[in-house]
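In: Sequence plus the predicted model coming up.
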Protein chains: 2
Amino acid sequence: MPDLAQHIDQNRQRYLDELIEYLKVPSISSSSAHKQEVRRAGEQLAAHMLRVGLSRSQMFPTPLHPIVYGEWLGAPGKPTVLIYGHYDVQPVDPLELWKSPPFEPEIRDGELYARGSVDDKGQIYVHLKAIEAHLKVHGKLPLNVKFIAEGEEEIGSEHLEPFMQEQAQLLTADFVVVSDTPMYGRGIPSICYGLRGLAYSQIDFEGPTVDLHSGSLGGIVANPVNEMSRLIAALKDADGVVQVPGFYDDVRALTERERKMFADLPQNDEGWRKTTGSPRLHGEKGYTTLERLWARPTLDVNGIWGGFSGEGSKTIIPSRCGCKVSMRLVPDQSSAKALDLLEKFIKKLCPPTVKMTFTRMHGGEPWLADISHPCFDAAVRALERAFGARAVYIREGGSIPFLRAITESTGKPCLLLGFGLPDENSHAPNEKLNLENYQKGILAAAYLYEELAR
Amino acid sequence: MPDLAQHIDQNRQRYLDELIEYLKVPSISSSSAHKQEVRRAGEQLAAHMLRVGLSRSQMFPTPLHPIVYGEWLGAPGKPTVLIYGHYDVQPVDPLELWKSPPFEPEIRDGELYARGSVDDKGQIYVHLKAIEAHLKVHGKLPLNVKFIAEGEEEIGSEHLEPFMQEQAQLLTADFVVVSDTPMYGRGIPSICYGLRGLAYSQIDFEGPTVDLHSGSLGGIVANPVNEMSRLIAALKDADGVVQVPGFYDDVRALTERERKMFADLPQNDEGWRKTTGSPRLHGEKGYTTLERLWARPTLDVNGIWGGFSGEGSKTIIPSRCGCKVSMRLVPDQSSAKALDLLEKFIKKLCPPTVKMTFTRMHGGEPWLADISHPCFDAAVRALERAFGARAVYIREGGSIPFLRAITESTGKPCLLLGFGLPDENSHAPNEKLNLENYQKGILAAAYLYEELAR
């Protein structure tokens, strides 16, 4: 009888074939035209959970896309791991930039190209195949497994939290594992221990009640776009330092250990610059690129509008304009407080010559794991066994709503083990999954269950 | 035989009926669906010119809407006046705000409501009826008359200047008269002696080559919307003073006489505020509302765009954004120099973290008449005879392309005698012409020809 590693190696082609089949389902959660396809992806996932050997799987309806749950609880006295993933995918526009159609998976140079290959269907399959391998080789898993996969991650996970509250009992576990982030680099297994939070707002301005002729009436009233621009300009200085009073008060400073961990990683500023396509990198002085990305808060205008934006010229003073402004937050900032501070500052700056409306939109709290918990050592061991390299600790600039929700509701430690790569194009054309990472990811997940069971 | 005033008074109803018929033609120049109607309005005008007694009328085709020309040159040895007007009208949106349909003229409370009633068909008819009265009463005009009416004034008069260059000989005259501006107020006959110029630009910015995830990549690149806002904010201070170096260098200061003329006019800041609907008036310190409107240059953002402007939230750092920025100019500023200065300043301020493209769009020069020319005294006398009140000198904040073109090509003095009112709604729903002004305007025009002939 082969051992786990041999078994996983022998089934390489089948693992790939099965994933390719699953990637053909266009489960674009943001598209109402694809609602049935999202459902089909959920149904196939529930069926596949049973096929790999979970003892139960179930689809939970939500007001939009179903949540799929599976479990294997045949290891009494052993800990329970809750694995999270999502089976919905991003839209595919602009379609013309794809080298092969997004839902006709194609392998080129050791990469599997398809929408959802890495984000997150491939990483769901990493865990399903690892579970399958244990059950095939040993007839059992080294610990109890619960598996939850949602169909709305790419559109904000709106119905996940209510579900988690309703099904709190079902989701109890000792550890949480999420595979939905990239590795730091090729051949560098990574554990993500921090995510930034978010505070989002919309600010609307009104000056004159109708668009005015800029000639006949220009010079006697405030132009709301000029005033809005003045307010936005006041939010950050030229170095990117946020000027909202109190904004940095609750920012937890990086520890010396963290600064050293980040500094010890291969630095690649030119790589980041190329990824963004910006003329050059830019940001807060006194912090490295990784520190700015992972451990410093930001403030960005996400959108702006007002007046005439068509071809040619129209000589108006716009009546209305507006912008979306959001902040990425780090521990120990809170989204409610960040919005309070922003609103207060904007209100103080806004001149009486225009009307301003500040609208609070969604927020999410930053997340930071305590890596002294033994499960992190387990993850490091598992990754090293599978990849033959020491795992690094990284953070991520974005948010995963599930993580915040599960941490807040259970307080259990969460492991973010991702098997993507920084150039995976997860929300862009030509999304891809590295085949070696897929295979090693399956092995690492299988080892992780062993290590966590110790 | 009745004198001129009696004749004009006796024909009041017919003047009104004829104008009403003409206002029924929906000659919206900006609408390609109305192209035939614009043409019909031109044809009716050409026919009407002959009916009132001009000895010749002609339609000149242009690439879009025709220019109508008429003349009566039966006063050898007498001066020639060139009268300008336009027979095209503004669009009528939003239609639901009209109390009576825009092309079904209706009289309410001594006002004739219809699109084009005051801008500018009614004012064209003022002159045609004045010409007719002279010819009916005296069998001749006191001076030679040339009449030009275009069909593209509301869409920028693109084909007027080429026509004027081709037909320079046809348009030679001693004076130019334009009736396309409002009076300063009810019962206050007004001569407009200054118009502002215009310099229009578009400024585009690019940061990252694609929209970036504001979480995953926020904090390491410049956000082009934030940078654009910083640049716009730098263009004016909080008091509305333009900060572009050199911008005010060529501004001709108001003379003491002008400041006194403006100050002697009835002041109505609350009226201006109501007209704009702004929370309060705002502008350069040290200048009255009229001085800011008529004799000070301005800088306004006419439109702005970038990133996500839909409902809800999208967490992106926009790749591209842009804005339209225009300046209203006063003597002796030039549109080319104003754009030079703006471009230079923007280029200097623009950080190397974003790419900026400055596009020069159309420009027009400010216009200021020398009111010491005797034809202005003639106009004052004519207006006083007709209205029984002393005429005032005013300026206007906007531009009339024809005026600039004719001044540049001929250098002849131009008289802007308008018979509209400040609340005439010329580009808005419920455009109206005061019937008393229509009638007195005809008389004033008839007297003006006499006074100019002296």
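Out: Right, received. Where do you want to start?
In: Around A:His86, count how many other residues there are.
Out: 29 (other C-beta atoms under 10 Å in any protein chain shown). Heads up, the C-betas are built off the backbone N, CA and C, glycines and all.
In: and if you look at A:Ile394?
Out: 24.
In: From the contact counts, what lies against the helix or strand where it lies?
Out: With secondary structure defined by DSSP states H and E, A:Ile394 is part of strand A:392-396. With contacts defined as 3 or more C-beta pairs under 8 Å, 6 or more residues apart in numbering or on different chains; DSSP states H and E, strand A:392-396 has these neighbours: strand A:190-195, helix A:256-264, helix A:289-295.
In: now do 7 Å
Out: Counting contacts by 3 or more C-beta pairs under 7 Å, 6 or more residues apart in numbering or on different chains; DSSP states H and E, strand A:392-396 is packed against strand A:190-195, helix A:289-295.
In: Partner strands of that strand and their direction?
Out: strand A:190-195 (parallel) (DSSP bridges).
In: now the angle from the partner strand to helix A:256-264?
Out: 130 degrees (axes from the mean of the first three to the mean of the last three C-alpha atoms, to 10 degrees).
In: for A:Val251, helix, strand, or coil?
Out: In the three-state summary, A:Val251 is assigned as coil, counting by DSSP: H, G, I helix; E, B strand; the rest coil.
In: tell me the contacts of it?
Out: The contact partners of A:Val251, by C-beta atoms under 7 Å, 6 or more residues apart in numbering or on different chains, come to A:Pro297, A:Val330, A:Gln333.
In: neighbours around A:Arg108, how many?
Out: A:Arg108, neighbours per other C-beta under 10 Å, totals 11.
In: For it, give the beta-bridge partners.
Out: With DSSP bridges as the criterion, A:Arg108 is bridged to A:Glu111.
In: how much space between it and A:Asn430?
Out: Going from A:Arg108 to A:Asn430 by C-beta to C-beta, to the nearest Å gives 10 Å.
In: can you check A:Val210 too?
Out: 47 Å.
In: Tell me which of those two has more neighbours.
Out: Comparing A:Val210 with A:Asn430 by other C-beta under 10 Å, the one with more neighbours is A:Asn430, at 18 against 13.
In: what sits against that one?
Out: By C-beta under 7 Å, 6+ apart, the neighbours of A:Asn430 are A:Trp98, A:Lys99, A:Tyr113.
In: Kindly indicate which of those lies nearest chain B.
Out: A:Trp98 (14.2 Å; C-beta to the nearest C-beta).
In: Excluding chain neighbours, what is closest to that closest one?
Out: Nearest non-adjacent residue to A:Trp98, counting by C-beta to C-beta, 6 or more residues apart in numbering or on different chains: A:Pro429, 4.7 Å away.
In: tell me the SS of the one you found?
Out: coil.
In: And it, its phi and psi?
Out: Phi and psi for A:Pro429, reported as degrees, to the nearest 10, are phi -60, psi 150.
In: Show me where chain A dips below the pLDDT cut-off.
Out: Scanning chain A for pLDDT under 70 picks out the ranges A:1-2.
In: Break it into its domains for me.
Out: Listed by automatic domain parsing, the domain ranges of chain A are A:4-195+A:366-453, A:197-251+A:297-363.
In: would you turn these into TSV with distance to B:Lys355?
Out: What follows is the domains of chain A, written out as TSV (distance: least, C-beta to C-beta, whole Å):
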stretch	distance to B:Lys355
domain A:4-195+A:366-453	21
domain A:197-251+A:297-363	17
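In: Let's see the strand holding A:Ile394 as CSV, backbone CA atoms only.
Out: Only the C-alpha atoms of strand A:392-396 are listed here, as CSV (Å, rounded to 0.1, in the frame of the first residue of the first chain):
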residue,chain,number,x,y,z
VAL,A,392,7.6,32.5,5.7
TYR,A,393,5.1,34.7,7.5
ILE,A,394,3.5,37.3,5.4
ARG,A,395,0.5,39.6,5.5
GLU,A,396,-2.0,40.7,2.9
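In: Helix or strand next in line after it, which one?
Out: Next along the chain after strand A:392-396, taking DSSP H and E as the criterion, comes helix A:401-410.
In: is any part of that following helix close to chain B?
Out: No: against chain B, helix A:401-410 shows no contacts by C-beta under 7 Å from any C-beta of the partner chain, the least distance being 11.7 Å.
In: Now do that helix and strand A:190-195, the angle between them.
Out: 70 degrees.
In: so where do the helices sit in chain A?
Out: A:4-10, A:12-23, A:35-52, A:121-138, A:160-166, A:224-235, A:256-264, A:269-276, A:289-295, A:335-349, A:374-387, A:401-410, A:435-453 (DSSP state H).
In: Any idea how far the second one is from the middle of the chain?
Out: So that's helix A:12-23. Put simply, helix A:12-23 sits 24 Å off its chain's centre (C-alpha atoms, centre = their mean, to the nearest Å).
In: Name the residues linked to the nearest residue to A:Arg56 once chain neighbours are set aside by a beta bridge.
Out: Counting by C-beta to C-beta, 6+ apart, A:Arg56 lies nearest to A:Glu71, which is 5.2 Å off, once chain neighbours are set aside. Per DSSP bridges, the residues bridged to A:Glu71 are A:Arg56, A:Lys146.
In: In stretch A:435-445, which of the residues would be classed as buried?
Out: Neighbour-count burial for stretch A:435-445, counted by 16 or more other C-beta atoms under 10 Å in any protein chain shown, picks out A:Leu435, A:Asn437, A:Tyr438, A:Gln439, A:Lys440, A:Gly441, A:Ile442, A:Leu443, A:Ala444, A:Ala445.
In: Name the surrounding residues that touch that stretch.
Out: A:5, A:8, A:12, A:15-16, A:110-112, A:122, A:126-127, A:129-130, A:133, A:189, A:382-383, A:386-387, A:417, A:419, A:421.
In: Stretch A:20-35 now?
Out: So stretch A:20-35 is contacted by A:37-38, A:40-41, A:44, A:65, A:87-89, A:91, A:103, A:105, A:114, A:116-117, A:121, A:125, A:151-152, A:154-155 (C-beta under 7 Å, 6+ apart).
In: Off-centre distance for that stretch?
Out: 19 Å.
In: and stretch A:112-126, how far out from the chain's middle?
Out: Centre to centre, stretch against its chain (C-alpha atoms, centre = their mean), the figure for stretch A:112-126 is 14 Å.
In: neighbouring contacts of that stretch?
Out: Under C-beta under 7 Å, 6+ apart, the answer for stretch A:112-126 is A:19, A:22-23, A:85-87, A:89-90, A:92, A:99-100, A:102-103, A:105-106, A:149, A:179-180, A:419-420, A:424, A:426, A:430-433, A:435, A:438, A:441-442, A:445.
In: Would you mind listing what in the stretch 351-454 of chain A touches chain B?
Out: Within the stretch 351-454 of chain A, the positions near chain B by C-beta under 7 Å from any C-beta are A:351-355, A:361-362, A:396-399, A:427-428.
In: Apart from its chain neighbours, what residue comes closest to the residue of the stretch 351-454 of chain A at minimum distance from chain B?
Out: Going by C-beta to the nearest C-beta, chain B is nearest to A:Gly398 of the stretch 351-454 of chain A, at 2.9 Å. In this structure, A:Gly398 finds its nearest non-sequential neighbour in B:Gly215, 2.9 Å apart by C-beta to C-beta, 6+ apart.
In: just to revisit the earlier point, the residue nearest to A:Trp98: neighbour count?
Out: Around A:Pro429 there are 17 residues (other C-beta under 10 Å).
In: I'd assumed A:Glu96 was in contact with it.
Out: No: using C-beta atoms under 7 Å, A:Pro429 is not in contact with A:Glu96, being 8.4 Å away.
In: got the contact list for the residue sitting furthest away from the middle of chain A?
Out: Relative to the centre of chain A, and counting by C-alpha atoms, centre = their mean, the farthest-placed residue is A:Ser216 at 50.5 Å. Shown in contact with A:Ser216 (C-beta under 7 Å, 6+ apart): B:Glu396, B:Gly397, B:Gly398.
In: and which of those residues is nearest to chain A?
Out: For the contacts of A:Ser216, the nearest to chain A is B:Gly398 (3.0 Å; C-beta to the nearest C-beta).
In: Brilliant, that's me finished.
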